[in-house]
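>>> Sequence and predicted structure below; questions after.
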Protein chains: 2
Amino acid sequence: MPETTWLTPEQLSAWKKLIAVVELLPGTLEAQLQRDADLTHFEYFTLAMLSEAPDRTLRLSDLAAATNATLARLSHVVSRLERRGLVRREPCAEDRRATNGVLTEAGLAVVVAAAPGHVDTVRRHVIDPLTPADVADLDRIMLRVLSVLDPTNAMHAEPTPRP
Amino acid sequence: MPETTWLTPEQLSAWKKLIAVVELLPGTLEAQLQRDADLTHFEYFTLAMLSEAPDRTLRLSDLAAATNATLARLSHVVSRLERRGLVRREPCAEDRRATNGVLTEAGLAVVVAAAPGHVDTVRRHVIDPLTPADVADLDRIMLRVLSVLDPTNAMHAEPTPRP
DNA sequence: AGCGAATACTTGACACGACAACTATTCGAC
DNA sequence: GTCGAATAGTTGTCGTGTCAAGTATTCGCT
């Protein structure tokens, strides 16, 4: 029966605020994207990742890693995006188990149209209330947390334009 | 057509890491609580809030504010918890529109049993990789973000033991 | 070469949250 | 006091994610 070390008041305070943000932030992003572009944040992010890939093409496993989703989830989402003509599936030449996701012209247009509004939302709700020092601190802290949450670094590689 | 101000590389880097945490953290907490206590994080949090309230009782609206949920969501959750005998509904004497949620003995037992494992998870994944200075920075930064995300302060009032 | 294990996805069933519509009660203005 | 508006909560439907199971292909070992 291991002794439980409780949290200090400072830790608890920070923790509760982090939870609150984790609970509230998705809804905020979701709402704006849904309203303006009829996209889930995850759908947006998926399209954005594809838009940055060479030939706007990625194997679904890589895309799953980039968006930090399970393959099952991604498969469903790609199916929906495919129905809307924003993404296309293609068999992968090198590995016939694999499937490539390809961003269509229509899909590209949608991301491009959605990006400014999304960035504005991000600025207004997260970036603007922070000083440059805050941003640096945030980056450092999230990196530390991520290295435990996601030791394989799938999610926080350096390269990638647009939020 | 408003000009879009893009994010600086520093802002982008921090932002992407924050998103990653927001995406990954819930799953981690969820998994442990589900496994060890058969509870959603939200259910745990709900029970925890009740456990701290006077008489382990709260009006559903207050509970919704404390857990930062909509009334509809909370109502569903309370129904599930009620079926499991962890919470009881009671009509509110002062305001007959209102309903009180009351934590049962069984419910209390469940939170108490679940708390140590949950705290350990929180420590391991979030608190331990941070220095005390990081924790202070995190608290400050999340407060700033919250004051925009949740201007009414519903979520981040000071008092409250246990995570 | 061949066979078992691992990889890459797909699909169907189910659970949880969001939204909208509805009931019931209380507040406020006149 | 009464009537309209606001508040408190419930319920049903639907979209999205998770989990488990299934298929197809490739890898690795001997």
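Yep, that arrived.

>>> now what about stretch A:53-64, what contacts it?
With contacts defined as CB atoms under 8 Å, 6 or more residues apart in numbering or on different chains, stretch A:53-64 is touched by A:46, A:49-50, A:66, A:70-71, A:73-75, A:78, A:90, A:92, A:95, A:98-103, A:107-108. (Glycine included, C-beta is placed from N, CA and C.)

>>> ok, and of the residues you listed, which contact DNA strand C?
A:71, A:75, A:78, A:92, A:95, A:98-100 (CB under 7 Å from any atom of the strand).

>>> Going by neighbour count, list what's buried in the helix or strand containing A:Val22.
A:Val22 is part of helix A:9-37, with elements assigned from DSSP states H and E. Of the residues in helix A:9-37, A:11-26, A:28-29, A:32-33, A:37 count as buried by neighbour count, 16 or more other CB atoms under 10 Å in any protein chain shown.

>>> Next: stretch A:143-151.
A:143-146, A:149-150.

>>> Quick check: the two most widely separated of those?
Greatest spacing in those, by CB to CB: A:Arg144 and A:Asp150 (11.7 Å).

>>> Make sure A:Glu10 is actually in contact with B:Asp139.
Yes - between A:Glu10 and B:Asp139 a contact is recorded at 6.8 Å, counting by CB atoms under 8 Å.

>>> immediately after the one helix or strand in chain A whose mean pLDDT sits lowest, which helix or strand?
When the helices and strands of chain A are compared on mean pLDDT, DSSP states H and E, helix A:9-37 comes out lowest with a mean of 92. Using DSSP H and E, the helix or strand that follows helix A:9-37 towards the C-terminus is helix A:41-52.

>>> give me the low-pLDDT residue ranges for chain A?
A:1-3, A:152-163 (pLDDT under 70).

>>> quick one, strands of it?
A:57-59, A:87-91, A:99-103 (DSSP state E).

>>> Pick the most buried one from these.
strand A:99-103 (a mean of 21; mean count of other CB atoms under 10 Å in any protein chain shown).

>>> Name the strands paired with that one and say parallel or antiparallel.
strand A:57-59 (antiparallel), strand A:87-91 (antiparallel) (DSSP bridges).

>>> for A:Asp134, what are its contacts?
Per CB under 8 Å, 6+ apart, neighbours of A:Asp134: B:137, B:140-141, B:144.

>>> likewise A:Val148?
Residues near A:Val148 by CB under 8 Å, 6+ apart: B:124-126, B:128-129.

>>> 6 Å - rerun?
B:125, B:129 (CB atoms under 6 Å, 6 or more residues apart in numbering or on different chains).

>>> so does the helix holding A:Val22 get close to chain B?
Yes - shown here: helix A:9-37 in contact with chain B (CB under 6 Å from any CB of the partner chain) through A:10-11, A:13-15, A:17-18, A:20-25.

>>> Distance-wise, check A:Gly101 relative to A:Leu63.
5 Å (CB to CB, to the nearest Å).

>>> So which residues on chain A come close to DNA strand D?
A:40, A:42, A:69-70, A:72-73, A:76-77, A:80, A:95-97.

>>> follow-up on the earlier one: okay, the strands paired with strand A:99-103 in TSV with distance to A:Trp6 next?
TSV is the format used below for the strands paired with strand A:99-103 (distance: least, CB to CB, whole Å):
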stretch	distance to A:Trp6
strand A:57-59	44
strand A:87-91	48
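
>>> Could you check these and tell me which one is nearest B:Ala115?
That would be strand A:57-59 among those, by CB to CB, at 41.9 Å.

>>> Looking at chain A, what residue ends up closest to DNA strand C?
A:Ser61 (2.8 Å; CB to the nearest atom of the strand).

>>> Share the number of residues neighbouring the closest residue to A:Ser147 other than its chain neighbours, please.
Closest residue to A:Ser147 apart from its sequence neighbours, by CB to CB, 6 or more residues apart in numbering or on different chains: B:Pro129 at 6.9 Å. Per other CB atoms under 10 Å in any protein chain shown, the neighbour tally for B:Pro129 reads 17.

>>> my guess is B:Pro129 meets A:Arg144, correct?
Yes - between B:Pro129 and A:Arg144 there is a contact at 4.4 Å, judged by CB atoms under 6 Å.

>>> picking that back up, which of the residues of chain A next to DNA strand D fall in helices?
Of these, the ones assigned to helices by DSSP state H are A:42, A:72-73, A:76-77, A:80.

>>> Which members of the residues you listed are classed as buried?
For those, buried by 16+ other CB under 10 Å: A:42, A:77.

>>> any idea which of the residues of chain A next to DNA strand D is closest to B:Ala114?
Of the residues of chain A next to DNA strand D, the one sitting nearest to B:Ala114 (CB to CB) turns out to be A:Thr70, at 25.4 Å.
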